[in-house]
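> after the sequence you'll find the predicted model.
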Amino acid sequence: NIEQHMAVKLSVISGPYKGKVWVLELAMNNNVCPIGRSSGKKFRENGLSLPKDKEISTTHANIHLKDGMIFYTDAGSTNGSVVNGDVVPEGVDVELKTGMIVSIGSTQLE
């Protein structure tokens, strides 16, 4: 069995982290990269910690790999998530593709 890996590059285009770029490594067997205000170990090591944006929930969303595609899932955040202008219902997987804009709190990621 060959484990499937993929990297996701997220660039901040607005908000308190504007100009910052993260690369998240996704793997089928360890496929959840959390996004939130938390600075806990799982956010620092395998996710995105955004403590300066007070509109983002502690655990806001997850990015994961499924069937070779990358998905964004809102984790029940207080202020919600928007992908390409569409509100993301809690728990619904939205496939992410190059150039899509994810808005969480006052932060926009591409």
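Structure's in. What do you need?
> show me the helices in this protein, by range?
Secondary structure of the chain (DSSP state H): helices at 41-46.
> where does the prediction get shaky in it?
Applying pLDDT under 70 to the chain picks out residues 1-3, 29-30.
> quick one, strands of it?
Secondary structure of the chain (DSSP state E): strands located at 5-14, 21-27, 32-36, 48-49, 61-66, 69-74, 81-83, 86-87, 93-95, 102-104, 107-109.
> okay if I get the ones you listed as TSV plus mean neighbour count and distance to residue 42?
C-beta coordinates here come from the backbone N, C-alpha and C atoms, glycine included. Below are those laid out as TSV (neighbours: other Cβ atoms under 10 Å; distance: least, Cβ to Cβ, whole Å):
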stretch	mean neighbour count	distance to residue 42
strand 5-14	14	16
strand 21-27	14	12
strand 32-36	23	6
strand 48-49	22	9
strand 61-66	20	10
strand 69-74	19	15
strand 81-83	20	19
strand 86-87	10	26
strand 93-95	15	20
strand 102-104	23	17
strand 107-109	22	19
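> what would those strands look like in TSV with distance to residue 55?
Output for the strands of the chain, formatted as TSV (distance: least, Cβ to Cβ, whole Å):
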stretch	distance to residue 55
strand 5-14	12
strand 21-27	19
strand 32-36	11
strand 48-49	15
strand 61-66	13
strand 69-74	14
strand 81-83	11
strand 86-87	15
strand 93-95	19
strand 102-104	8
strand 107-109	8
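> what's the span of stretch 85-97, first residue to last?
Using Cα to Cα, to the nearest Å, the end-to-end distance of stretch 85-97 comes out at 14 Å.
> what of stretch 25-40?
Terminal-residue distance, stretch 25-40 (Cα to Cα): 18 Å.
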